[in-house]
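A.B. asks: pasting the structure only:
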């Protein structure tokens, strides 16, 4: 990438004041200051004339400073342009990588119809469990969940999670869901209404976050 901007870098370096030009400008400033001093020492001049000459000295000195400042601004503007071009190149590469990742993820989802069905079944089960808990009917919730995490539908869910989870964030949400689901089943078995509600909210929240991260939130009905 640096090779692409090398010609620009050389041109903007040449625009920076050389040592010889700076020396000439310094000599010019000394001359201007000498003239100013001579004008100020002329006590016979009238006050308005003295002020006018002083203003002329200030203007000459200011112009000299601004001439250096302008060159420095050109230097920094050129440098900023190079940095901005680097940022644009990096942003373009990031966009390309993100697009490639989305396409790859979409390809995995499209080829995972069976896993998608397992997850759709989970949505329905969570809906039924939520309705039962809202009515404090934990026996109905237990009939949907089962007694342990070794049931067939939970094993299918875990296999779907394993196939469709790739990023650390997604895997973290899967771990949270599995842990919360285990707590939910245990709380229902103990007939602990408050603990059941807490575990259910944690399970549903983790699953919702996971579907958002994976892009499945638009494919599953009932979310």
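C.D. replies: Thanks, I have the structure now. All figures in this text were calculated on a predicted structure; none of them were measured in a lab.
A.B. asks: just checking, residue 171 touches residue 177?
C.D. replies: No: with contacts defined as Cβ atoms under 8 Å, residue 171 does not count as touching residue 177, sitting 10.6 Å away. From N, CA and C alone the C-beta is placed, and that goes for glycine too.
A.B. asks: Between those two, tell me which one has more neighbours.
C.D. replies: Higher neighbour count among residue 171 and residue 177: residue 177, with 23 against 15, using other Cβ atoms under 10 Å.
A.B. asks: and the gap between the more buried one and residue 93?
C.D. replies: Note on residue 177: its distance to residue 93, by Cβ to Cβ, to the nearest Å, is 34 Å.
A.B. asks: What of residue 143?
C.D. replies: 53 Å.
A.B. asks: can you give me the helices in the chain?
C.D. replies: 6-14, 19-41, 47-110, 113-134, 138-145, 152-164, 168-189, 193-214 (DSSP state H).
A.B. asks: Just give me the lowest mean pLDDT stretch among these.
C.D. replies: Looking at these, the lowest mean pLDDT belongs to helix 6-14 (a mean of 38).
A.B. asks: ok, residue 175 - contacts?
C.D. replies: Applying Cβ atoms under 8 Å, 6 or more residues apart in numbering to residue 175 gives no contacts.
A.B. asks: ditto for the one 5 residues further on
C.D. replies: With contacts defined as Cβ under 8 Å, 6+ apart, the neighbours of residue 180 are 199-200, 202-203, 206.
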